[in-house]
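Undergrad: Mind looking at a prediction? Sequence and model below.
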Amino acid sequence: MSQSRWSKPERCGFLLGRLFMANLSEADLEGAQLEGADLKEADLTNANLRNANLRQDNLGGSTQLQGAILTGVNLQGPNLEGCEYDTETVFPEGFKP
């Protein structure tokens, strides 16, 4: 994964953030605090979201999750309706999209 301007997520708080249609492709968002953020239609292609806090997030619409790494993310709260993913998307153990 290439370096991104969105690295060092522990220093970034997007709590309730408006990231609608944001280009976060290949972003290193490991451990990022994204609770309640609006990520509808965001491009998270090949993004590292390991252990990110996505509780109450809205990932719906046509959010791009192709190749994204979601290991350790609790996906019971976020709205995934309409998200696009592929065989390269890594979902948390036991999660069936």
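TA: Received, thanks. Being a predicted model, the structure only gives us computed values, none of them experimental.
Undergrad: Spit out the contact partners of Gly61.
TA: Applying Cβ atoms under 8 Å, 6 or more residues apart in numbering, we find Gly61 in contact with Lys40, Glu41, Gly82, Cys83. (Glycine included, C-beta is placed from N, CA and C.)
Undergrad: Put the buried members of those into a ChimeraX selection.
TA: Buried residues among those (16 or more other Cβ atoms under 10 Å), as a ChimeraX selection:
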select :40,41,83
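Undergrad: From the contacts of Gly61, pick the one nearest Asn74.
TA: Checking the contacts of Gly61 against Asn74 with Cβ to Cβ, the nearest one is Cys83 at 15.5 Å.
Undergrad: Serialize the contacts of Gly61 to CSV and add fields for pLDDT, distance to Gln66 and secondary structure.
TA: CSV is the format used below for these (pLDDT from 0 to 100; distance: Cβ to Cβ, whole Å; DSSP: H, G, I helix; E, B strand; the rest coil):
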residue, pLDDT, distance to Gln66, secondary structure
Lys40, 89, 16, coil
Glu41, 91, 14, coil
Gly82, 89, 14, coil
Cys83, 92, 10, coil
